[in-house]
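Q: Structure here, sequence nowhere to be found:
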């Protein structure tokens with residue numbers, strides 16, 4: 001989502017590398033580009049202006065620490081300010097039982113899906129959640145929530161005949177108590193725009209159910225308009241948090257960088273896809289890492305721990321180390337990686353690779369490789385050497401590709417397997433030592449600007 005902002009900020013920061021000092025004059029052009037980058041990402045103009053002023057105030061006259069370049073120092077200042085802008089502290093939900101949560105927002109922001117996602121999240125935290133359908137205007141919303149609740153094994157309550165929303169909420173609360181739910185999430189109706197009727201209805205519901213948390217579900221693609229939406233809901237309802245949805249889309253990211261600063265309400269959760277497990281706590285420092293092109297290893301590790309079979313991964317590692325790796329193993333590995341998300345999202349979380357992006361051709365090639373392997377018999381996957389001309393022709397037809405594509409895939413696989421054989425023994429260890437040496441020398445990119453690696457600076461290595 002932040003690709004354009006990342007590119008522009010990286011360009012601006014690159015211009016101040018090599019400076020002997022940081023002055024208002026020699027930083028003026030670069031900070032102007034930082035402000036332009038923020039505005040281009042739909043960040044509210046007031047937020048962009050104040051952000052640049054804070055960076056300037058901290059950076060001008062900052063004494064350059066030995067072994068740390070001014071470029072590294074300005075990255076650190078910008079990183080710290082981005083983290084503050086995205087929110088510090090107060091992101092966790094109240095730790096209490098029973099817990100009552102009111103979900104509000106505009107039509108189409110993803111409230112119903114986010115309600116189910118939050119229910120799933122709370123289940124993993126040890127709660128017994130119930131979701132309550134309070135959208136009396138869209139029967140489809142009730143059906144959707146009921147389907148999602150059944151899918152995630154959540155308690156569900158609705159009354160399709162009741163049109164009095166506060167009364168409906170009260171009945172849902174009573175039903176949750178009767179069924180032993182210790183977390184109750186109320187999904188409310190949205191509108192295409194904020195109006196007095198919508199606000200009054202949710203105010204009456206809030207007064208009746210007395211929620212512990214009032215969460216605004218906001219579409220990250222709203223841009224600067226998201227700020228006005230957040231302000232209106234906060235003034236009327238007293239928001240306790242924001243759920244930012246569709247972070248996997250092509251939005252420019254302005255909503256994430258503006259809403260917390262304007263409303264002083266923390267972003268508590270982020271939705272990154274359509275599936276109910278594409279939802280987690282929002283981490284400002286990790287988002288700042290990604291915006292500055294530094295990856296997000298912590299999130300990648302968490303996703304891997306949750307979605308990848310540890311025993312299968314260990315088995316695969318042993319096979320790769322022994323070079324006993326066939327096409328079935330390759331297919332299994334591809335499926336494991338797919339559980340982490342798209343390749344572009346994985347690259348975006350890897351330091352040094354976050355600026356890379358696979359194009360449509362590369363993504364198509366990966367899907368084509370999977371189709372070719374799936375068109376083989378189990379015996380052919382285990383022993384690709386038996387794939388003669390007639391077998392390859394059958395595989396090509398079965399996968400909707402050509403003989404040339406099948407041959408190319410098999411050739412690439414054999415080259416990869418050959419590399420694995422080379423990595424065995426002393427020669428492989430020597431190659432790894434050489435690779436590590438070149439990584440440390442910076443041959444594969446400047447990794448020194450990563451937060452946590454700023455000698456002498458707060459949070460850096462000593």
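A: Yep, that arrived. Computed from a predicted model, the values in this text were never measured in an experiment.
Q: Could you list every helix and strand in contact with the helix or strand containing residue 133?
A: Secondary structure assignment for residue 133, by DSSP states H and E: strand 129-134. The contact analysis (3 or more CB pairs under 8 Å, 6 or more residues apart in numbering; DSSP states H and E) places strand 129-134 against helix 111-124, helix 139-151, strand 155-157, helix 165-178, strand 183-188. In this view, the C-beta of every residue, glycine as well, is placed from N, C-alpha and C.
Q: What are the buried residues along it?
A: For strand 129-134, a neighbour-count test (16 or more other CB atoms under 10 Å) marks 129-134 as buried.
Q: How about stretch 176-194?
A: Buried residues in stretch 176-194 (16+ other CB under 10 Å): 176, 181-190, 194.
Q: Enumerate every residue touching residue 120.
A: 152, 154, 276-277, 279 (CB atoms under 8 Å, 6 or more residues apart in numbering).
Q: where do the helices sit along the stretch 251-400 of the chain?
A: 254-263, 284-291, 297-307, 310-321, 327-338, 343-348, 360-374, 378-382, 389-399 (DSSP state H, counting those that start in this stretch).
Q: Helix 360-374 and the fifth one, what's the angle between them?
A: Interaxial angle, helix 327-338 versus helix 360-374 (axes from the mean of the first three to the mean of the last three CA atoms, to 10 degrees): 140 degrees.
Q: what pLDDT, on average, does helix 327-338 get?
A: Here helix 327-338 scores 79 as its mean pLDDT.
Q: tell me what that helix is packed against?
A: Using 3+ CB pairs under 8 Å, 6+ apart: helix 327-338 touches helix 310-321, helix 360-374, helix 378-382.
Q: give me the number of residues near residue 336?
A: 16 (other CB atoms under 10 Å).
Q: quick one: it from residue 398, how far?
A: As judged by CB to CB, to the nearest Å, residue 336 and residue 398 stand 24 Å apart.
Q: Show me which parts of the helix ranked longest in the chain are buried, residue by residue.
A: As assigned by DSSP state H, the longest helix anywhere in the chain is helix 403-422. For helix 403-422, the neighbour count (16+ other CB under 10 Å) marks 405-406, 408-410, 413, 417, 420 as buried.
Q: again with stretch 159-171
A: For stretch 159-171, using 16+ other CB under 10 Å, the buried residues are 159, 165-166, 168-169, 171.
Q: The closest residue to residue 116 other than its chain neighbours: what's it in contact with?
A: When the adjacent residues along the chain are set aside, residue 116 lies closest to residue 148, with 3.6 Å between them (CB to CB, 6 or more residues apart in numbering). Counting by CB under 8 Å, 6+ apart, residue 148 touches 112-113, 115-116, 131, 154, 276.
Q: one more time with 10 Å
A: 112-113, 115-117, 119-120, 131, 154, 156, 187, 276 (CB atoms under 10 Å, 6 or more residues apart in numbering).
Q: Look up how far residue 183 lies from it.
A: Using CB to CB, which is the criterion applied here, residue 148 is 15 Å from residue 183.
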